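A.B. asks: fold the following, please.
(2 chains)
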2 protein chains.
Amino acid sequence: MRGHERAGGIVMGDEVPSGTATRFAEVVGKQHLLTGDEISADYASDEALTESPRKPRYLAKPGTAEEVAALLAAAAEHRVPVTARGSGSGLSGAANPREDGLLVSFERMNAVLEVDTENHVAVVQPGVTLSELDEKTAAAGLAYTVYPGELSASVGGNVGTNAGGMRAVKYGVTRHNVLGLQAALPSGELIRTGGKIAKISTGYDLTQLIIGSEGTLALATEVIVKLYPRPAHGATVLAPFNDLDQVMRAVPKILSSGLAPSILEYIDTLTMAAISYNEKLTLGIPDAIRDTAQAYLVVGLENRDHDRLDGDVERLGELLGELGAVDVYVLEGPSARSLIEAREKAFWTAKAAGADDVIDVVVPRAAMPEFLAKTRELAAAAESGALGCGHAGDGNVHLAIFCKDPAKRRKLLHDIFAAGIAAGGAISGEHGIGQSKKDHFLELEDPVKVELLRRIKQAFDPHGILNPGVLFD
Amino acid sequence: MRGHERAGGIVMGDEVPSGTATRFAEVVGKQHLLTGDEISADYASDEALTESPRKPRYLAKPGTAEEVAALLAAAAEHRVPVTARGSGSGLSGAANPREDGLLVSFERMNAVLEVDTENHVAVVQPGVTLSELDEKTAAAGLAYTVYPGELSASVGGNVGTNAGGMRAVKYGVTRHNVLGLQAALPSGELIRTGGKIAKISTGYDLTQLIIGSEGTLALATEVIVKLYPRPAHGATVLAPFNDLDQVMRAVPKILSSGLAPSILEYIDTLTMAAISYNEKLTLGIPDAIRDTAQAYLVVGLENRDHDRLDGDVERLGELLGELGAVDVYVLEGPSARSLIEAREKAFWTAKAAGADDVIDVVVPRAAMPEFLAKTRELAAAAESGALGCGHAGDGNVHLAIFCKDPAKRRKLLHDIFAAGIAAGGAISGEHGIGQSKKDHFLELEDPVKVELLRRIKQAFDPHGILNPGVLFD
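C.D. replies: Next up is the predicted model:
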């Protein structure tokens, strides 16, 4: 609602030269505009497994929101495609640059500007990493509760993909925890949306529209995030089951119990073996149980009061027993942390194991058993593997796809996505569409909606400079 | 994500006649299309205090989503402005029809289609009232937690304004509790957005864009709402303070305590006197305390366990004492309900007392003391009154404005809204802009954002048939 700031007039030399690179260099300073061999290979891709790395023509590292806005204005004028990059930990290729394009890296805009303990918000620059933010908020007894697997991820990148993570079952995803933005438009203008306020009903919610738009509508230059009091006590409970279906059917029951878990994950047995091996996990599970377990449920509980937490853990143990768990392990400090960290690294485990793609279909949580059964059936028919783990409380299934043949894999993914949609879900719960799932998205999505999204895109970005090739062709 | 349904072909007579009314009647059936004197005065306005009632030219009562879509197609073809109406309990004139327009009343589309106890969602038609939904969900041990003051309000109307209410401090507003929509576009097409899923990162979030758009982008024809387990035990605590500032300064402290109140309201002393008198409240507060109290804090706590609730109430009582409360009253069942109901009726009390407008500025909650001080100062300078109560936990200040002179009132409102924006807030936290605050919105909002909103509007509604005069001129 504050007055907008118009960027421009940032000219360093005596005259404005015509070259595009020179123009960008004028905005960010020569030392922060790289071209050609100056650009390291790190900038050529994010973590999507299926996209080929390609260096951008220009790499700019702006230091202020005004510089970001001025870069966009210059890019629009020169019709140069622009891709934004946080930490490059995305899984859908939304931060993969174009060879003819400008990559805007937010690495210099990485400050926690404010931790406001009265309003329970933090104001951050988009390049700040989740681990940096966690450190700053912890010092104030507060927490930003969005923890996707990768703590080196940036808040700006999380805004782009609407990142989720394990605690979303209790605290929601990025969308539910970002209260306001400053954002640069392709016109070179800066706007502010929302604020340090939990609610607003004053025009269309641009904050929500920009979140999850994968850098195709506007670039966030400042983010106001919601913080929660940091619970003093936490416990992690691990329950092996002899049947994946049983795990899935336990999920709604646990959520109905009122125990309000902060984490509710499932891990299939192969994935558990792989992450245990990779991360050298010793969880104290007897071999006999490990040999028969088909899946595991990981439940996190937290409380400000230690006795209440103990009571909840006991109640949860009873409930898990009733629901078919073979045993229940309450993990103490270091083991609990190791398991959660190992689970967070499931993507790296899958990558190391040679997975050909990683996807994150979301379905209504009660539809998980049927959806997973269908997935197994499709993978078997394609002589491929689809193994995984996921945010069971959210119905968000993370699958590592093992299928070398590109055409066969494409068909398998299409069928899995279609099955997710048929179950009332969507292609992606938190990774986004990016470049890597765009074809499937355009094939499977209602064309009326795609056309509407295109018109919204056009409303923000008439020249189509922001991340062309992401979401749309 | 499901295939879209195209409306059309709904023709009842033998031939398509040219008259607009006939066209609408063909869609909904003659008995559900009213014109002229057939339209009762009830349909001429919502509850906004400042708008003059005016009957629409056409009133249609569709029975299905397809009929809604076909009505929009016909209205677009005939360039007839369309206003949607739920229960007509809005406070900003967003449901006030145009004299030359079609009013679409959702009164016949009022079914709870499903209460899904496994996924914790309900699927409802937009005309369903909150009290009907509450009854159905209570039977399943679940609750839809958005309770704006008026339980006769419809879910569809709540979607239009992004309604909030007292429990938003714990559970969020409509935006946080609607997971998916079916909506009719001005093109006559139906789309589905979101689903029975807590997260989605598959294209721009149309659910979130339509919520709070006050009937200017699309009309919701089905709503998927999130349900929570219904806590078994609740308590309401009333604390009088001798100083309004003290109340405001207590709010962040209570929220930092981890007690996670489900209600955190302030009521100023005059408003408390008025609602107590109007609702014949007997709260057992001694006269001596009532005479000196300047404001009250109302705190709701809930728990699935009775002993834990007792422990929390005790802790809250101590905390309130430390924060300056003169006394602390734990209200039992009927008194607690009466107080909450009386607070919910604060609007009606203000109306009965002759208030000239009711507004709901939202500011960062820590900015409430300064904002309220500024408001008192502005009202005093204008020889007017600005009294109220509000969702203290959300920084959402509800003020009844007493100022008969329209020009003076306009200036006072402008100054109060500007003060709210200067404090980092917005004109409305949950009532919306509608027709009644549009002039202030357009004066005070960043023109770059207004222009962007216009372009988004254009992307949905190229002929501008949906609620013209709301949000924009």
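A.B. asks: and chain A, what are its domain boundaries?
C.D. replies: A:6-108, A:112-229, A:233-347, A:354-454 (automatic domain parsing).
A.B. asks: most tightly packed of those?
C.D. replies: domain A:112-229 (a mean of 24; mean count of other CB atoms under 10 Å in any protein chain shown). In short, each C-beta sits where N, CA and C put it, glycine included.
A.B. asks: end-to-end on it?
C.D. replies: End-to-end span of domain A:112-229 (CA to CA, to the nearest Å): 18 Å.
A.B. asks: using JSON lines, lay out the domains of chain A together with mean pLDDT and distance to chain B.
C.D. replies: Formatted as JSON lines, the domains of chain A follow (pLDDT from 0 to 100; distance: least, CB to the nearest CB, whole Å):
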{"stretch": "domain A:6-108", "mean pLDDT": "88", "distance to chain B": "8"}
{"stretch": "domain A:112-229", "mean pLDDT": "97", "distance to chain B": "4"}
{"stretch": "domain A:233-347", "mean pLDDT": "92", "distance to chain B": "4"}
{"stretch": "domain A:354-454", "mean pLDDT": "96", "distance to chain B": "4"}
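A.B. asks: is it possible to get TSV of the ones you listed that adds distance to residue B:184?
C.D. replies: TSV is the format used below for the domains of chain A (distance: least, CB to CB, whole Å):
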stretch	distance to residue B:184
domain A:6-108	31
domain A:112-229	18
domain A:233-347	32
domain A:354-454	11
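A.B. asks: so which residue is dead centre in chain A?
C.D. replies: residue A:163 (2.8 Å; CA atoms, centre = their mean).
A.B. asks: pull the residues that contact stretch A:76-85.
C.D. replies: With contacts defined as CB atoms under 8 Å, 6 or more residues apart in numbering or on different chains, stretch A:76-85 is touched by A:20, A:23, A:43, A:46, A:56-58, A:71-72, A:74-75, A:94-98, A:100-106, A:156-157, A:160, A:186-188, A:215, A:219, A:463, A:465-470.
A.B. asks: what about 7 Å?
C.D. replies: Stretch A:76-85 is contacted by residues A:20, A:23, A:43, A:56, A:72, A:75, A:95-98, A:100-106, A:160, A:186-188, A:215, A:219, A:463, A:465-468 when judged by CB atoms under 7 Å, 6 or more residues apart in numbering or on different chains.
A.B. asks: related to what we said a few turns ago, nearest to residue B:438, out of the domains of chain A?
C.D. replies: domain A:112-229 (10.3 Å; CB to CB).
A.B. asks: report the distance from that closest one to the chain centre.
C.D. replies: Offset of domain A:112-229 from its chain centre (CA atoms, centre = their mean, to the nearest Å): 12 Å.
A.B. asks: name the SS class of the residue nearest to the centre of chain A, please.
C.D. replies: Classification of residue A:163 using DSSP: H, G, I helix; E, B strand; the rest coil returns coil.
A.B. asks: ok, residue A:360 next?
C.D. replies: Per three-state DSSP, residue A:360 ends up strand.
A.B. asks: let me see the contact set for it.
C.D. replies: Contacts for residue A:360 (CB under 7 Å, 6+ apart) come out as A:396, A:397, A:398, A:428, A:429, A:430, A:431.
A.B. asks: from the residues you listed, which ones fall inside strands?
C.D. replies: A:396, A:397, A:398 (DSSP state E).
A.B. asks: can you pull the contacts of the closest residue to the first one other than its chain neighbours?
C.D. replies: Spelled out, it's residue A:396. Leaving aside its chain neighbours, residue A:396 sits nearest to residue A:429 (3.7 Å; criterion: CB to CB, 6 or more residues apart in numbering or on different chains). By CB under 7 Å, 6+ apart, the residues touching residue A:429 are A:164, A:360, A:362, A:394, A:396, B:199, B:200, B:201.
A.B. asks: could I get the ones in strands among the contacts of residue A:360 in TSV, plus columns for distance to residue A:176?
C.D. replies: As requested, the ones in strands among the contacts of residue A:360 are exported to TSV (distance: CB to CB, whole Å):
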residue	distance to residue A:176
A:396	14
A:397	20
A:398	20
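A.B. asks: list just the nearest of these to residue A:416.
C.D. replies: residue A:397 (9.3 Å).
A.B. asks: hmm, residue A:361 and that closest one touching each other?
C.D. replies: Yes. Contact criterion CB atoms under 7 Å: residue A:397 and residue A:361 qualify, at 5.3 Å.
A.B. asks: before we move on, what SS does residue A:159 have?
C.D. replies: Classification of residue A:159 by three-state DSSP places it in helix.
A.B. asks: next, the buried residues of the one helix or strand residue A:347 maps to.
C.D. replies: Residue A:347 is located in helix A:346-352, with elements delineated by DSSP states H and E. Neighbour-count burial for helix A:346-352, counted by 16 or more other CB atoms under 10 Å in any protein chain shown, picks out A:346, A:347, A:348, A:349, A:350.
A.B. asks: just give the nearest non-adjacent residue to residue A:267, would you?
C.D. replies: Nearest to residue A:267 is residue A:389, by CB to CB, 6+ apart, at 4.1 Å.
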